[in-house]
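Peer 1: Model the structure of this input:
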Amino acid sequence: VSYTFLFWLPAYIVNVGHFNPQEAGDLSTLFDVGGIIGGISAGLISDYFGGRATTCFVMLIIAAPMLFVYNKIGHDGIPTVIGMLILCGALVNGPYALITTAVSADLGTHKSLQGNARALSTVTAIIDGTGSIGAALGPLLAGLITRTSWVNVFYMLITSDLCACLLLSRLVFKELRGCCEHLMKRRSFTEF
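Peer 2: Numbers count the residues shown, from 1 in each chain. Presented below is the predicted three-dimensional model:
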């Protein structure tokens, strides 16, 4: 989703928002500004609550309807464009930053790898390589789908977002189960 916005957002802003190309280029950078805010926020939230996958999952779940809203109202004046681009950038790029850094480090240092330092490189490479597939397919599909309508491009982006949530769900359940077990232990310990 992130790379699709990177490559196609200026064209969308020109075609749907009816801005000139320079304004569209300037406005599209706000998506990246939102990405900076989202990356920092995702890191802070996951550090505070200790659930990296859950943080990504929640941000992606919120991003899906926000992408729909952006497509519907994201061209209704400069303030709306600015607000929606920053919000969508934060919700899309926050999980991207967390997945490519902290989640890959968590997976690479998992106890099942028995301290194998090279495993961290392998896990990171797998995550980046898989992300590169999405980075190639997303803009390609967007180019093909724009011929039908921009609305369909946003449906593709929303579907991609929800697929990412599906792929994260196993880690989310593991994190939530660990949190519940921790709370149950604390609760049974304080009852004595």
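Peer 1: lowest average confidence, helix or strand, in the protein?
Peer 2: Lowest on mean pLDDT, DSSP states H and E among the helices and strands of the chain sits helix 104-108, with a mean of 68.
Peer 1: which helices and strands sit right next to the helix or strand following that one?
Peer 2: For helix 104-108, the succeeding helix or strand toward the C-terminus, using DSSP states H and E, is helix 117-145. Under the contact criterion of 3 or more C-beta pairs under 8 Å, 6 or more residues apart in numbering; DSSP states H and E, helix 117-145 touches helix 2-17, helix 104-108, helix 150-191. Where C-beta positions appear, they are placed from N, C-alpha and C, glycine not excepted.
Peer 1: so the longest one versus helix 117-145, what angle?
Peer 2: Using axes from the mean of the first three to the mean of the last three C-alpha atoms, to 10 degrees, one finds that helix 150-191 and helix 117-145 are set 150 degrees apart in direction.
Peer 1: Show me the shaky parts of this structure.
Peer 2: When residues are selected by pLDDT under 70, those of the chain lie in 103-110, 115-117, 188-192.
Peer 1: and Ile86, which of the helices and strands packed on helix 117-145 is closest to it?
Peer 2: Comparison of these against Ile86 by C-beta to C-beta identifies helix 2-17 as nearest, at 12.4 Å.
Peer 1: buried stuff in that closest one?
Peer 2: 2-6, 8-14, 17 (16 or more other C-beta atoms under 10 Å).
Peer 1: ok, now stretch 119-126?
Peer 2: 119-120, 123-124.
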